[in-house]
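Asks: Sequence first, predicted coordinates after that:
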Amino acid sequence: MSRLRDIFFVANEVDETGGVASWQHQMAGLFHERGHRVHVIGIAPAHFPMRRPAPPYRTTTLYGVRPPSPVRLTGRNRVNVTVRRQEAAREQERRRQAERLSRMFRDAAPGAVIIVPQVWAMEWVGLADTAGHLVIGMSHESFEASENSSRLRRGLEHWAGVDRLLALTAEDADQWIREGMNNVGFMPNPLPLTTDTPSTRDAKVVVSIGRLSPEKGVDMLLEAWAEAAPSHPDWLLRIYGTGDEEAALHKQCADLGLNGSVEWAGHTADVPSALRGASVFVQSSRSEGFPLTVLEAMSFAVPPVAFDCAPGVHEIIDDGVDGLLVRPGNTGELARQLGRLMDDQELRDGMGEKARVDVERYAPQRIADRWEELFAFLER
């Protein structure tokens, strides 16, 4: 049996709606079940908190309100006394909160593991005293997504000294290595849900599950559905999710004349029922990391159709075997691939059953074993 440890997750938030929070609570639960002492720490309160039962492990949020962003002391700011005082106060509070982290880490037994799944949180961990413990950073997005934001630059700065930086796929890890990082590995996300009662794929429903935000590409999904729906009048597109783009997407749906074939189902806490009521799953994202919703769909034997927008997507889906991949942003191709599955019950059933088998390589206990093997390796 692996040795029992103190395991800290230090993320931007404890309970923010989205994949990272779901992942960290799933992993925290797996480690807790194995007897580890788990503590989930968030830097700031969640913008959009995810409601979930009180966990059996400790949780802490450092700040009562989200801390202000730093201000560059250049130009006029350099001589602006008010700005300089505000920035000094912000930095003083940041160091005070980092010292809170230090005290928690010092109270842990030697050989604790500190897992930091977001680079913003790493700014506080980097200031804290982590002596005697392992620090593992993670990038929960594709390398391309990091490269197209400030997170690449910040990651190169703040993850350079950690014991291991984990990408989600070997392909993403290679990209970080090309940037000069010599501490990189990869670790896939675990399968979030398993079931003994998968979808029977007899409902003429295509399902999408995700935030209604630009990166999830629901606008492109509606364009594709406008092309696919006329030749499949007995099929329904059911979209689960809420978000900032909701009003604009509803308007787009109406403008495209799709109100009769699109159902806006809002947020759901019952993903199993949503998937059991579907025969096809669609993901139209502009960017992804290692998409949990695709794993969930496959575990319920619902064949996915997805834009191949990140290595994590084609790592999960074997194109033409257990799902269908589409060139990113190609809405016409997305419509055609959806049509293939809607038209062909035998194809749906074959891919759905194969998906359910193939996704077991990400079974939670298998991924937890890989984490424990990594802890032991890093201690050598």
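Replies: Done, it's in.

Asks: Report the residue spans of the protein with pLDDT below the cut-off.
Replies: 1, 73-79 (pLDDT under 70).

Asks: helix/strand/coil for the residue lying closest to residue 269 once chain neighbours are set aside?
Replies: Nearest residue to residue 269 in three dimensions, chain neighbours excluded: residue 51, at 7.3 Å (Cβ to Cβ, 6 or more residues apart in numbering). Yep, even glycine has a C-beta here, placed from its N, CA and C like the rest. What DSSP: H, G, I helix; E, B strand; the rest coil gives for residue 51 is coil.

Asks: Equivalent analysis for residue 30, please.
Replies: Classified using three-state DSSP, residue 30 is helix.

Asks: check contacts around it.
Replies: Counting by Cβ atoms under 8 Å, 6 or more residues apart in numbering, residue 30 makes contact with 190, 364, 365, 367, 368.

Asks: For the fourth one, which non-adjacent residue is closest in space?
Replies: In other words, residue 367. residue 190 (3.8 Å).

Asks: residue contacts, the one you found?
Replies: So residue 190 contacts 23, 26, 27, 30, 362, 363, 364, 366, 367, 368 (Cβ under 8 Å, 6+ apart).

Asks: Of these, just the buried ones, PyMOL syntax please.
Replies: Selection command for PyMOL covering only the buried members of these, criterion 16 or more other Cβ atoms under 10 Å:
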select buried, resi 23+26+27+30+362+364+367+368
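
Asks: Tell me the helices and strands packed up against the longest helix seen in the chain.
Replies: Secondary structure of the chain per DSSP state H: the longest helix is helix 81-107. Contacts defined by 3 or more Cβ pairs under 8 Å, 6 or more residues apart in numbering; DSSP states H and E place helix 81-107 against strand 6-11, strand 37-42, helix 119-125.

Asks: Now do it and strand 6-11, the angle between them.
Replies: 160 degrees (axes from the mean of the first three to the mean of the last three Cα atoms, to 10 degrees).

Asks: Show me which residues of helix 81-107 are buried.
Replies: 87, 94, 97, 98, 101, 102, 104, 105.

Asks: and residue 178, how far is that from residue 152?
Replies: Residue 178 sits 12 Å away from residue 152, going by Cβ to Cβ, to the nearest Å.

Asks: more crowded one of those two?
Replies: A direct count of neighbours by other Cβ atoms under 10 Å for residue 178 and residue 152 places residue 152 higher, at 19 against 10.

Asks: Tell me how far stretch 312-324 lies from the chain's centre.
Replies: Stretch 312-324 has its C-alpha centroid displaced from the chain centroid by 18 Å (Cα atoms, centre = their mean, to the nearest Å).

Asks: which residues in the protein form helices?
Replies: Counting by DSSP H, the helices of the chain are 19-33, 81-107, 119-125, 143-147, 151-158, 170-178, 218-228, 246-255, 271-276, 292-299, 311-316, 331-343, 345-358, 364-379.

Asks: So for residue 6, which of those sits nearest?
Replies: Nearest of these to residue 6, taken as Cβ to Cβ: helix 81-107 at 8.4 Å.

Asks: quick check, distance from the closest one to the centre of its chain.
Replies: 28 Å.

Asks: For the contacts of residue 30, work out which two are farthest apart.
Replies: 190 and 365 (8.4 Å).

Asks: that older thread, list phi and psi for the residue nearest to residue 269.
Replies: Residue 51 adopts backbone torsions of phi -80, psi 130, taken as degrees, to the nearest 10.

Asks: could you measure it against residue 121, distance?
Replies: 22 Å.

Asks: Identify the bridge partners of the residue lying closest to residue 28 once chain neighbours are set aside.
Replies: Take residue 28 and drop its neighbours on the chain: the residue closest to it by Cβ to Cβ, 6+ apart is residue 38, 4.8 Å away. Legend: beta-bridge partners of residue 38 under DSSP bridges are residue 7.
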